[in-house]
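> Structural data only, the sequence is not supplied:
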């Protein structure tokens, strides 16, 4: 993708990060999750959702003329990786994931962990992540659950 650069997120980016997260889930995950699961996934999210990670310096953006995707880490975990639905498949996720893995390794961790959606499992496997378990994800008191795949890889 032309003129793409990776940069740390700032508080001014929170609204755009939220919009990319929403666009990604609503456009890339509907083949693997139903409408109730998508609604639960996004329920309660807002620009405020990302502010602590931004303050901690744990969230990076892939931008050109607009925000195309973002990645968040927490210790040795890749906690979020989302690409705009119309920007998927152009190598943006790979650039962001490589950035996160370099930062996790530079922080002294010997492995990286993540919880993948069914939508993203093959993507992460192509980067050497292997399945180490399964689980579910839910927000708040919702009875709706998303199936997730727990994955890790050595650094």
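The structure has been received and is ready for your questions. All values derive from a computational prediction rather than experimental measurement.
> just checking, what packs against the lowest-mean-pLDDT helix or strand in the chain?
The helix or strand of the chain with the poorest confidence is helix 35-42; it has a mean of 92 (mean pLDDT, DSSP states H and E). Applying 3 or more Cβ pairs under 8 Å, 6 or more residues apart in numbering; DSSP states H and E, one finds that helix 35-42 makes contact with helix 14-28, strand 146-154. For the C-beta atoms, the positions are set from N, CA and C on the backbone; glycine is no exception.
> residues in contact with whatever helix or strand comes next after it?
Counting by DSSP states H and E, the next helix or strand C-terminal to helix 35-42 is helix 51-56. Residues from elsewhere that reach helix 51-56 (Cβ atoms under 8 Å, 6 or more residues apart in numbering): 9-11, 13-14, 59, 72, 74, 79-80.
> May I have the beta-bridge partners of residue 117?
Beta-bridge pairing for residue 117 (DSSP bridges): residue 148.
> wouldn't it be in contact with residue 32 here?
Yes: between residue 117 and residue 32 a contact is recorded at 6.7 Å, counting by Cβ atoms under 8 Å.
> which of these two has more neighbours?
Higher neighbour count among residue 117 and residue 32: residue 117, with 20 against 15, using other Cβ atoms under 10 Å.
> Quick check, pLDDT for the more buried one.
Residue 117 is assigned 93 on the pLDDT scale.
> Likewise for residue 1?
64.
> burial of the closest residue to residue 14 other than its chain neighbours, as a residue count?
Spatial nearest neighbour of residue 14, excluding adjacent residues (Cβ to Cβ, 6 or more residues apart in numbering): residue 47 at 3.7 Å. By other Cβ under 10 Å, 16 other residues sit near residue 47.
> The one 10 residues further on now?
The number of residues packed around residue 57, counting by other Cβ under 10 Å, is 11.
> which phi and psi does it have?
Dihedral angles of residue 57 (phi, psi; degrees, to the nearest 10) stand at phi 80, psi 30.
> what about the residue nearest to it when sequence neighbours are not counted, neighbour count?
What sits nearest to residue 57 in space, not counting adjacent residues and going by Cβ to Cβ, 6+ apart, is residue 8, at 6.3 Å. Neighbourhood size, residue 8 [other Cβ under 10 Å]: 11.
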